[in-house]
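Engineer: Provided below are the primary sequence and the corresponding predicted coordinates.
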Amino acid sequence: MAKYCKVDPDRLAPLVPCMQLPPSCVKDELSNFEHNTISKRAVAYSCGALADEGAEVQHDHDSDELKLCRRIAGQAARQMEGTEVGMGSEGSAYFSPFFITANAGARVPARLTGRMIHKAFGGTIYPPTKVWVEPLRERGEWWADVLHDCSCYEGQEKDEYLKPWRKLIKWFNENELLHGAAFVMIGDNPLDDEFKNSGCVFPRLALAVTAAGSLVGICSHVVHT
């Protein structure tokens, strides 16, 4: 069993842009969730668990499950290697491996929900943030965002743009080690009245669930000002 996981900056790296402050705000006295979607105090562990620094975190992972999470997340990232996130973002970003290893005996969800994502992130998501969880299929709001950046393409050019995304969808949905494949959008328009902290960098993830209840997939971000 893996019971002594350590803080691992590499596991947090995909979310760091969502924790940063705009240059104009660096000198301000800011709360933990002002101008950012992910807590400024967030840390990640070698098992992928997320929490605020100093918070108590239970680590009781099967070592084989931890190895499986690392392997699958790496495979998922290779499906999108060299492909920018796009999705209407005003910045440039790529996907990285992402996983949160379940504790032994954890409840295994049949599908992911926004509430589960908030819980899985260990309270590090700005609480009012809306989380969209949609099936990893060519439909829904997430797919409309993917299509946003190829709206002027036609025919073969459009097919080439969508090729890695379709490869990703196929890989997740045909992987016998996973179920509940979904695309997760954490936060969006900073001008939304319900999103009052002026954050503009939002996590984007493709995730699925292992037989033991771990979340595995890829993570990146978009910039929407």
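Structural biologist: Right, received. Where do you want to start? Numbering: from 1, shown residues only.
Engineer: ok, now which ones touch residue 186?
Structural biologist: Contacts for residue 186 (C-beta atoms under 8 Å, 6 or more residues apart in numbering) come out as 18, 37, 117, 125, 129, 131, 202-205. Every C-beta, even on glycine, is put in place using the N, C-alpha and C of the backbone.
Engineer: For the closest residue to it other than its chain neighbours, grab the count of nearby residues.
Structural biologist: Nearest non-adjacent residue to residue 186, counting by C-beta to C-beta, 6 or more residues apart in numbering: residue 203, 4.2 Å away. Residue 203 has 24 neighbouring residues, counting by other C-beta atoms under 10 Å.
Engineer: Residue 56 too?
Structural biologist: Neighbour number of residue 56 under other C-beta under 10 Å is 5.
Engineer: what does the one 5 residues further on give?
Structural biologist: One way to gauge burial is a neighbour count; for residue 61, by other C-beta under 10 Å, it gives 25.
Engineer: Also the one 4 residues further on?
Structural biologist: Residue crowding around residue 65 was assessed by other C-beta under 10 Å; the count is 23.
Engineer: What number of residues are in the vicinity of residue 151?
Structural biologist: The tally of other residues near residue 151 (other C-beta under 10 Å) stands at 9.
Engineer: ranges for the helices of the protein?
Structural biologist: Here the chain has its helices, by DSSP state H, at 9-12, 63-79, 114-120, 140-148, 155-174.
Engineer: out of these, nearest to residue 213?
Structural biologist: The closest of the helices of the chain to residue 213 is helix 63-79. By C-beta to C-beta, the value is 8.9 Å.
Engineer: still on that earlier bit, most tightly packed of the helices of the chain?
Structural biologist: helix 63-79 (a mean of 18; mean count of other C-beta atoms under 10 Å).
Engineer: quick one: average confidence on it?
Structural biologist: Mean per-residue pLDDT for helix 63-79: 97.
Engineer: Report the backbone C-alpha coordinates of that helix in CSV.
Structural biologist: Extracted in CSV, the C-alpha atoms of helix 63-79 (Å, rounded to 0.1, in the frame of the first residue of the first chain):
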residue,chain,number,x,y,z
SER,A,63,0.4,0.5,-5.1
ASP,A,64,-0.7,-1.3,-8.3
GLU,A,65,-3.5,1.2,-8.7
LEU,A,66,-1.1,4.1,-8.4
LYS,A,67,1.1,2.5,-11.1
LEU,A,68,-2.0,2.0,-13.3
CYS,A,69,-3.0,5.7,-12.9
ARG,A,70,0.4,6.9,-13.9
ARG,A,71,0.5,4.6,-16.9
ILE,A,72,-3.0,5.4,-18.2
ALA,A,73,-2.6,9.2,-17.7
GLY,A,74,0.6,9.0,-19.7
GLN,A,75,-1.1,7.1,-22.5
ALA,A,76,-4.0,9.6,-22.5
ALA,A,77,-1.6,12.5,-22.8
ARG,A,78,0.1,10.9,-25.8
GLN,A,79,-3.2,11.0,-27.7
